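S.K.: I would like the atomic coordinates for the input below:
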Amino acid sequence: MIIVAATSLLAACSSSNASTNSSGLTVATTVAPITSIAANIGGDRVAVEGIVPEGTNSHTFEPAPQVAALLSDADVIFVNGLQLEEPTKELAQANMKDGAVLVDIGDEVIPESDWIYDFSFPEEDGKPNPHLWTDPLYAIKYAKVIADTFSSQDPANANYYQGNYVAFKKKATALSNALLSDQKTVPDGNLKLLTYHDAYAYFARDYGWDIIGAVQPKNFEDPTPQEVAALIDQVKAEHVPTIFGSEVFPSAVLEEIGRATGARYEDTLRDDDLPGEPGDAEHSWLGLMRYDYVTMVEGLGGTATKLSALDTSDVAPDQAEYPQ
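M.R.: Below you'll find the predicted structure:
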C-alpha cells in the first residue's frame, strides 16, 4: 500500500506546482498539517509537495525509494522532527541537492527539556511525543520557522512570507482565544481526554486539560485486559462523558470501554488527516484543529459557539499537493 501511495505521489509531482512554479522554491513536507502551514506561508511563491499520505500512520510510514526523486529536487525539506519521520529524514539526507536545507521544525521550536513522554511514547524508548502541531501556540512557532526558512532561501519574497506569517498568527491566535472561551462552558472537572492516539499532550499542558490515558500503546497493539480494566475503572471514577477515538485508528477497545462505562464513544478525532478533500474549505490546519476542538468541547458537555463562528480560510492560496 505504501509503495502504491508513493508512486501516486510521484505521478502527482510530474504535473504539480513544482513543474509550473519553476521560478520559486520547491518544498517537500511530511505530514499534512505541516504541508498546510507551509502552503499558507508560501502561497503562490512556492510549490509544496506532501510525502506522507493522509490517513496513513505517520509513526510507521516508510517512504518508497521513488520518493527520493522529490527529495532530490526540493530546495527546502520540512519534517516535524522529534524523531517522528526518521526513515524519510534519512532518505532526504542521502538525496538532497547542494544548497537545499532540511529543517526539523519541532526540534527548532521546543527544547528537549520540554519534551513530553507519556502513554504511547515512554521515556525508556527515547522518542518523545511529537504532536506539537495540535497546540496553536506551537503551530504559530512552526509558521515562524517556515516563514524564516523561506525568507532565507528566497530573500526577494521575504516580505511576502513574513506578511503571510503575521496573517496566519492572527488566525491561529483567534483559534486559541475561541478555544479558551468555549472550554469554559465545559462543566467543571470535565476537561479530560481519553483518546486512542496520544496526540494532544502539549495542547493539554498549555490549555489546562487532563489526559487521563491513551489506548494506543507504543507498539500499536491492543492493551492488555488488565490495562483495559484499569481504564474502565478510571472512566467510571472520573465520570468521563465522552471518550475519543481516531478516524485513522479505529479502536474496538475504546468501543468496549464506552459500553462498559456508559461513556459516549466519539470516533472522529484526527491529528494529521485534514478534513474533507484537497481544495475543500476546511482542508487545512485551521480547519483540522477547529474540528477537533469543537468535537472535544461539545463531547465533554460544553458549547463551541466561538469556535464555530471562526473564519478558518487560508491566508494565502493553498496550491500544495496532498497525497491521498
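S.K.: Return the set of buried residues in whichever strand or helix holds Leu91.
M.R.: Here Leu91, judged by DSSP states H and E, is contained in helix 86-95. Of the residues in helix 86-95, Thr88, Lys89, Leu91, Ala92, Asn95 count as buried by neighbour count, 16 or more other Cβ atoms under 10 Å. C-beta here means a position set from N, CA and C on the backbone, and glycine is covered the same way.
S.K.: and of those, the nearest to Leu25?
M.R.: Each of the buried residues of helix 86-95 was scored against Leu25 by Cβ to Cβ, and Ala92 proved nearest at 15.4 Å.
S.K.: how near is the closest one to Asp75?
M.R.: 12 Å (Cβ to Cβ, to the nearest Å).
S.K.: What of Ala167?
M.R.: For Ala167, the distance to Asp75 - Cβ to Cβ - is 23 Å.
S.K.: Who has more neighbours out of the two?
M.R.: The residue with more neighbours, out of Ala167 and Asp75, is Asp75; 20 against 16, by other Cβ atoms under 10 Å.
S.K.: Endpoints of stretch 295-310, how far apart?
M.R.: Terminal residues of stretch 295-310 lie 15 Å apart, using Cα to Cα, to the nearest Å.
S.K.: In contact with the residue positioned nearest the centre of the chain, which residues are there?
M.R.: Centroid-nearest residue in the chain, with Cα atoms, centre = their mean: Asp272, separated by 4.0 Å. If a contact means Cβ atoms under 8 Å, 6 or more residues apart in numbering, then Asp272 has Val31, Ala32, Pro33, Val52, Glu54, Ser58, Trp133, Ala199, Val248 as its contacts.
S.K.: Highest neighbour count among those residues?
M.R.: That'd be Ala32 among these, by other Cβ under 10 Å, with 31 neighbours.
S.K.: ok so, going back, helices and strands around the helix holding Leu91, which ones?
M.R.: helix 68-73, strand 76-79, strand 101-104 (3 or more Cβ pairs under 8 Å, 6 or more residues apart in numbering; DSSP states H and E).
S.K.: highest average neighbour count across the ones you listed?
M.R.: strand 76-79 (a mean of 25; mean count of other Cβ atoms under 10 Å).
S.K.: quick one: that strand to chain centroid distance?
M.R.: Centroid separation for strand 76-79 versus its chain: 15 Å, with Cα atoms, centre = their mean, to the nearest Å.
S.K.: what pairs with that strand, and is each one parallel or antiparallel?
M.R.: If you go by DSSP bridges, strand 76-79 pairs up with strand 25-29 (parallel), strand 101-104 (parallel).
S.K.: Point out the one among the ones you listed that comes closest to Ile116.
M.R.: Here strand 101-104 is closest among these (Cβ to Cβ), at 16.9 Å.
S.K.: Quick one: name whatever helix or strand follows that closest one.
M.R.: Moving toward the C-terminus from strand 101-104, the next helix or strand (DSSP H and E) is helix 105-109.
S.K.: Would you mark the buried spots in that following helix?
M.R.: Ile105, Gly106, Asp107, Val109.
S.K.: hang on, the earlier thing: the residue nearest to the centre of the chain belongs to a strand, doesn't it?
M.R.: No - Asp272 is assigned coil when assessed by DSSP: H, G, I helix; E, B strand; the rest coil, not a strand.
S.K.: Excluding chain neighbours, give the residue nearest to it in space.
M.R.: Take Asp272 and drop its neighbours on the chain: the residue closest to it by Cβ to Cβ, 6 or more residues apart in numbering is Val31, 4.4 Å away.
S.K.: ok, that neighbour to Gly50 distance?
M.R.: For Val31 relative to Gly50 (Cβ to Cβ), the value is 8 Å.
S.K.: now do Asn80
M.R.: Applying Cβ to Cβ, the value for Asn80 to Gly50 is 12 Å.
S.K.: Gly163 too?
M.R.: 24 Å.
S.K.: who's more crowded, these two?
M.R.: Gly50 (26 against 16).
S.K.: I figured that one was touching Asp318, is that so?
M.R.: No - counting by Cβ atoms under 8 Å, Gly50 stays clear of Asp318, with 11.4 Å between them.
S.K.: Check which element follows whichever strand or helix holds Thr35 along the chain.
M.R.: Assessed by DSSP H and E, Thr35 sits inside helix 32-42. Sequence-wise, the next helix or strand downstream of helix 32-42 (DSSP H and E) is strand 46-50.
S.K.: Which other helices and strands does that next one contact?
M.R.: So strand 46-50, by 3+ Cβ pairs under 8 Å, 6+ apart, packs with helix 2-14, helix 17-20, strand 25-29, helix 32-42.
S.K.: Swap in 6 Å and give it another go.
M.R.: Contact analysis of strand 46-50 by 3 or more Cβ pairs under 6 Å, 6 or more residues apart in numbering; DSSP states H and E lists strand 25-29, helix 32-42 as its packing neighbours.
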